[in-house]
Structures are given as C-alpha cells and as structure tokens.
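Novice: the sequence isn't on hand, but the structure is:
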C-alpha cells in the first residue's frame with residue numbers, strides 16, 4: 001500500500017485532513033474537505049496512518065492556491081521518497097478564507113462538546129479578519145549557523161530545523177520591507193549566532209528590530225484601539241492582528257455594557273488591553289493578572305491613563 005486514493009472527510013485541529021483507507025484513519029496535510037486524493041504512505045501506526053498528497057484528483061469545494069511559495073502543497077515528485085519541506089505556519093492557506101473560518105469554528109465546537117453542561121454554552125458566530133495577508137505586526141525568526149551558511153526563518157515540521165524565510169506574506173508591509181533590507185545586508189547576517197532570535201515589530205508609530213531580548217532601555221510600544229492608545233513593553237505579549245484586536249475590544253465593550261457587569265477579571269491580561277476596555281465600558285472593579293512583571297507594570301499604567 002505504497003500509494004492509494006482516498007476522500008478527505010474533514011480537517012482536524014492543526015490543519016491535517018482526515019480520510020480512511022481500508023477502514024484505517026489516515027492523516028495528511030495540504031488537503032481540503034471533499035478532495036479526492038492520490039497519496040503516498042509516510043508512516044503506518046497501529047491505529048492510524050500518515051500520508052502525503054501526491055495529486056488532487058478531484059478538488060473539493062473551497063480549495064484555492066496558496067499565496068506563499070513555502071506553504072504546504074501536494075507534490076507528485078518526492079525527491080528520494082522524502083516529503084518536501086514546507087512552512088507549517090500556514091496550514092490552511094490552500095483553503096478559501098470562508099471555509100477556513102467554518103472549519104475552525106467546528107473544531108472549537110467539537111472541543112466544547114466535551115465539557116459538562118455544553119448545552120448551556122452560547123456560541124457566537126465567528127468574525128473574520130479584514131485582511132488575510134499583511135496583518136501581523138510582529139514576527140520572530142530563528143537563526144541557524146553551520147556548514148558555511150546562515151539561515152534565518154521559521155522552524156520546520158520537526159519544530160527544530162530552521163527553514164530560511166526570504167519573505168512572509170502575513171507580515172505587515174513595513175516588516176517585509178525591513179526583512180528584505182536586512183537580508184541584503186551582509187553585515188547583518190554576520191551578526192547572527194546559532195539559536196539567536198530576531199524579532200521585527202511594527203506599532204502604530206514605528207518599525208523596530210532586535211536580536212535576542214529587546215534592549216532594556218527600549219521605549220514602550222504604542223498601539224491605538226477604540227478606547228484610546230495602549231503602551232506595551234517590547235518583550236510583552238500583544239495581539240498580532242490590530243484590526244481583529246480592535247473588533248474584539250468592540251465586542252467585549254458591547255457585552256459588558258449589555259450585561260451591566262460591575263466586576264471584571266482579565267486573566268492573562270498582558271498590558272491590559274481588555275482590562276482597559278472593561279474600565280471604559282463602565283466596569284466598577286477590574287482585576288487583571290499575568291505572570292509577566294513588565295506587562296503588569298504597563299497594565300497598571302494603562303488602567304490609570306485609559
């Protein structure tokens with residue numbers, strides 16, 4: 001059973017398709033629901049198999065061509081039988097965005113169904129990002145130095161090997177421009193060390209780059225939201241899609257106003273994005289918690305000034 005045909009029934013969390021071969025569950029990437037696929041066996045386990053698509057014989061509804069050349073794709077010619085390397089970060093890029101949202105919603109519902117009193121949970125309809133590309137305000141790349149070459153990019157399928165990434169279509173245009181300029185700078189590549197992280201970050205005012213940890217004296221970042229601006233330490237978490245973050249703030253604000261909530265707890269608060277939204281929405285007492293001490297300092301500042 002080196003090669004076989006199967007129909008893809010669904011997409012699991014993480015983007016792998018699911019089908020059945022001789023009654024055995026088969027997982028494979030780069031497929032869409034309804035695809036009829038010619039696949040090659042990769043691993044045969046006791047209760048499931050893993051495969052790689054060689055050809056989409058008949059595409060299912062909602063399949064499209066990925067934008068990024070490093071996204072996962074079917075491949076009819078496997079060099080020495082090896083599965084081609086691909087960037088695992090965009091496991092759904094071969095699906096139309098409307099279908100991707102629907103699949104992720106179903107995955108979320110399947111998770112909630114395992115919880116007690118599931119029937120009492122009210123599940124909202126998901127809203128999509130206004131931008132499917134060039135929306136990320138932050139990317140973190142990894143350096144790998146050896147064999148006379150330096151690679152700068154994301155981790156591959158094994159979560160260890162660094163794939164060289166010349167460009168990332170998900171990053172904001174300013175980040176893509178900066179990455180391109182630095183990659184053409186030989187001095188920049190000579191400054192990279194094995195295992196070093198390189199972070200590119202865009203806030204509402206500037207574009208920054210740092211190696212390793214951000215400088216201790218780095219100024220806080222500033223992001224604009226419906227309630228006003230938020231200050232964020234360079235090394236602290238913040239939402240990477242500003243448009244979606246703004247809509248989340250609007251929805252949290254609306255919910256708090258409709259429910260007339262008095263006490264609000266913002267867990268994993270970061271610099272206090274939703275805590276500030278709650279305060280602006282009329283919550284009397286807002287409690288926020290996070291393990292990042294720098295973020296807590298920023299959250300206290302933001303709550304005093306929002």
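Specialist: All right, it came through fine. Bear in mind the structure is a predicted one, so any value in this text is a computation, not a measurement.
Novice: in this protein, where is pLDDT below threshold?
Specialist: In the predicted model, the chain carries pLDDT under 70 at residues 1, 79-81.
Novice: what lies in contact with the longest helix that it contains?
Specialist: Counting residues, the longest helix in the chain under DSSP state H turns out to be helix 242-259. With contact meaning CB atoms under 8 Å, 6 or more residues apart in numbering, helix 242-259 is reached by 127, 129-131, 135, 137, 204, 223, 225-227, 238-239, 261, 264, 273-274, 277-278, 280-283. (Each C-beta comes from the backbone N, C-alpha and C, glycine too.)
Novice: let's see it at 6 Å
Specialist: Contacts to helix 242-259, defined as CB atoms under 6 Å, 6 or more residues apart in numbering, come from residues 129, 130, 137, 225, 226, 239, 274, 277, 278, 281, 283.
Novice: give me the buried positions along it.
Specialist: Within helix 242-259, the residues that count as buried by 16 or more other CB atoms under 10 Å are 242, 244, 245, 246, 247, 248, 249, 252, 253, 256.
Novice: look at the residue nearest to residue 168 when sequence neighbours are not counted and say how many residues are nearby.
Specialist: Ranked by CB to CB, 6 or more residues apart in numbering and with sequence neighbours excluded, the top spatial neighbour of residue 168 is residue 139, at 5.8 Å. The criterion is other CB atoms under 10 Å. On that basis, residue 139 has 22 neighbouring residues.
Novice: check contacts around residue 139.
Specialist: Taking CB under 6 Å, 6+ apart as the criterion, residue 139 is in contact with 168, 171, 200.
Novice: rerun that using 7 Å as the cut-off
Specialist: Shown here is residue 139, whose contacts under the criterion CB atoms under 7 Å, 6 or more residues apart in numbering are 168, 171, 175, 200.
Novice: now the residues you listed in TSV, with neighbour count and distance to residue 297?
Specialist: As requested, those are exported to TSV (neighbours: other CB atoms under 10 Å; distance: CB to CB, whole Å):
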residue	neighbour count	distance to residue 297
168	23	31
171	23	28
175	23	26
200	23	24
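Novice: farthest pair within these?
Specialist: Greatest spacing in the contacts of residue 139, by CB to CB: 168 and 200 (9.3 Å).
Novice: helices along the stretch 201-306 of the chain, start to end?
Specialist: According to DSSP state H, counting those that start in this stretch, the stretch 201-306 of the chain carries its helices in the segments 242-259, 273-280, 293-305.
Novice: I'd say residue 27 and residue 16 touch.
Specialist: Yes: contact status for residue 27 versus residue 16: in contact at 4.6 Å, counting by CB atoms under 7 Å.
Novice: neighbours of residue 96, how many?
Specialist: One way to gauge burial is a neighbour count; for residue 96, by other CB under 10 Å, it gives 15.
Novice: in the stretch 51-200 of the chain, which spans are strands?
Specialist: Taking DSSP state E, counting those that start in this stretch, the strands of the stretch 51-200 of the chain run over residues 138-146, 149-155, 162-164, 197-202.
Novice: give me whichever of those is most buried.
Specialist: The highest average neighbour count among the strands of the stretch 51-200 of the chain, using mean count of other CB atoms under 10 Å, belongs to strand 197-202 at a mean of 20.
Novice: how far off centre is it?
Specialist: Centroid separation for strand 197-202 versus its chain: 15 Å, with CA atoms, centre = their mean, to the nearest Å.
Novice: residue 192 contacts residue 145, doesn't it?
Specialist: Yes: counting by CB under 7 Å, a contact exists between residue 192 and residue 145, whose distance comes to 6.4 Å.
Novice: how deep is the nearest residue to residue 235 once chain neighbours are set aside tucked in, by neighbour count?
Specialist: With CB to CB, 6+ apart as the criterion, residue 235 has its nearest non-adjacent residue at 4.9 Å, and that residue is residue 214. Applying other CB under 10 Å, we find 19 other residues in the vicinity of residue 214.
Novice: what segments of the stretch 51-200 of the chain are helices?
Specialist: Taking DSSP H, counting those that start in this stretch to define them, one finds helices in the stretch 51-200 of the chain at 97-112, 173-183, 186-190.
Novice: what would these look like in CSV with distance to residue 66?
Specialist: As requested, the helices of the stretch 51-200 of the chain are arranged in CSV below (distance: least, CB to CB, whole Å):
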stretch, distance to residue 66
helix 97-112, 12
helix 173-183, 17
helix 186-190, 28
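Novice: residue 92: neighbour count?
Specialist: As a measure of burial, residue 92 has 19 neighbours, counting by other CB under 10 Å.
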